[in-house]
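Visitor: Coordinates only, no sequence provided:
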């Protein structure tokens, strides 16, 4: 453990960052691809109505991911800071607490979801002609709630424990299995939308089982301990994960608000288009998150060791990488929107044409999204949970709702697609103010530490 964290604090920072980034980005990219696979196979193998039904269910996945990131990233951040301060016993307690808490919560969600599936479908906004499709998709999602939540939890924990390659392999295998099973269940067994959801559940479970090799092969530096409970420690863990929770929940809030608005302003075709856009957005979000995940252990461990210049350099590396990735993705969205939409339908020309225009407008926000994501994860990595949560709530709740209220009366459906650009742009201005204040605090810490050393 000491050797691993000396590496984080002492070796070439850029080399360590990219060593974490490669597996993280590959893993998140394939995870995003397998999120898209359901929509793609449903659109081609079932119907556009099935695609809209699956799109209505996306907030459920958001809740699962939110809980996984809340505890997983909160654990990884707290453990990294504890290691930087050489409090290794505390790191073990945090890890054990994270596992117990999320296993308990995931079990309760599974039981609740199985008992109230139809009510959940109605809550998600399913109309009478769509509710049966939504219920069919939700059934496997509820069955596999435990592995879905724990998979997200352990991604952050194992990556932070120095094994990003295993996380990458697990996510890659999980993605491939999901795509293969999508094809088998939809086109060979004719299980329709139920089969697509079942494939996702099985693929996720396989990925989780592979990640457990980190512990079975004794590659871990954090361990389960008997005496772990502390309400104060739980609050700290959850506080350090609230930024990630906000990012994920904001995606669910956006999906719900967009589905609600599109159904009333433009109809089910627009919801089908948005189901494609939200999954393409998941790819972009996955790539931005992977950059943040690569920087998180560097930032947190060096922050715990009071090496502020390395904290600042890690931030600059993450920000520059995220902006470069955002620029490439935005160019692809602008140049190939018709080709992207064509992947999700066989011959619905209206869906392709209208969807291509929506892609160009919706993804004009990507550079702001890149910066805001790095802002949130950086603040979270230095235990500034309140500031991180403020940015997350503003971008995913307040400014999205405000944008819809302002832009729909002015521009109709176009106003809905422009809402993300509005929300991300205004959030950037607020986030910039918070970041300037945070770096002033870090400079003060550095001056105090430098003064103490000189004395």
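Guide: Arrived safely, thanks for sending. The structure displayed is predicted, hence computed values, not measured ones.

Visitor: Please pull up the helix or strand immediately following the least confident helix or strand in the chain by mean pLDDT.
Guide: The least trusted helix or strand in the chain, going by mean pLDDT, DSSP states H and E, turns out to be helix 2-10, with a mean of 55. Next along the chain after helix 2-10, taking DSSP states H and E as the criterion, comes helix 13-45.

Visitor: So which other helices or strands are in contact with that following helix?
Guide: helix 48-56, helix 145-160, helix 164-183, helix 192-211, helix 268-304, helix 308-335 (3 or more C-beta pairs under 8 Å, 6 or more residues apart in numbering; DSSP states H and E). Every C-beta, even on glycine, is put in place using the N, C-alpha and C of the backbone.

Visitor: Now do that helix: distance to the chain's middle.
Guide: How far helix 13-45 lies from its chain's middle: 11 Å, per C-alpha atoms, centre = their mean, to the nearest Å.

Visitor: okay, the angle between it and helix 308-335?
Guide: On the basis of axes from the mean of the first three to the mean of the last three C-alpha atoms, to 10 degrees, helix 13-45 is oriented at 30 degrees to helix 308-335.

Visitor: between helix 13-45 and helix 192-211, how many degrees?
Guide: Angle of helix 13-45 versus helix 192-211, following the same axes, to 10 degrees, is 160 degrees.

Visitor: Report the mean confidence score over helix 13-45.
Guide: In this model, helix 13-45 has a mean pLDDT of 78.

Visitor: Check stretch 220-238 too.
Guide: Rounded mean pLDDT across stretch 220-238 is 92.

Visitor: Same check on stretch 153-170?
Guide: Mean predicted confidence for stretch 153-170 is 90.

Visitor: just stretch 362-378 next, same as before
Guide: 95.

Visitor: rewinding a little: make TSV out of the helices and strands packed on helix 13-45 and add mean neighbour count and distance to residue 342.
Guide: Output for the helices and strands packed on helix 13-45, formatted as TSV (neighbours: other C-beta atoms under 10 Å; distance: least, C-beta to C-beta, whole Å):
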stretch	mean neighbour count	distance to residue 342
helix 48-56	26	13
helix 145-160	26	30
helix 164-183	22	18
helix 192-211	23	19
helix 268-304	25	10
helix 308-335	18	14
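
Visitor: Out of these, which is closest to residue 100?
Guide: The closest of the helices and strands packed on helix 13-45 to residue 100 is helix 145-160. By C-beta to C-beta, the value is 11.2 Å.

Visitor: next one: the closest one to chain centre, how far?
Guide: On the basis of C-alpha atoms, centre = their mean, helix 145-160 sits 12 Å off its chain's mean C-alpha point.

Visitor: tell me the angle that helix makes with helix 164-183.
Guide: Using the same axes, to 10 degrees: helix 145-160 against helix 164-183 is 150 degrees.

Visitor: Which residue ranges of the stretch 351-455 of the chain form helices?
Guide: With DSSP state H, counting those that start in this stretch as the criterion, the stretch 351-455 of the chain has helices at 366-381, 385-393, 399-411, 413-454.

Visitor: what's the most buried one of those?
Guide: helix 366-381 (a mean of 26; mean count of other C-beta atoms under 10 Å).

Visitor: Three-state assignment for the most centrally placed residue in the chain, please.
Guide: Here the mean C-alpha position of the chain is nearest to the C-alpha of residue 248 (C-alpha atoms, centre = their mean), at a distance of 5.4 Å. Assigned with DSSP: H, G, I helix; E, B strand; the rest coil, residue 248 falls in the helix class.
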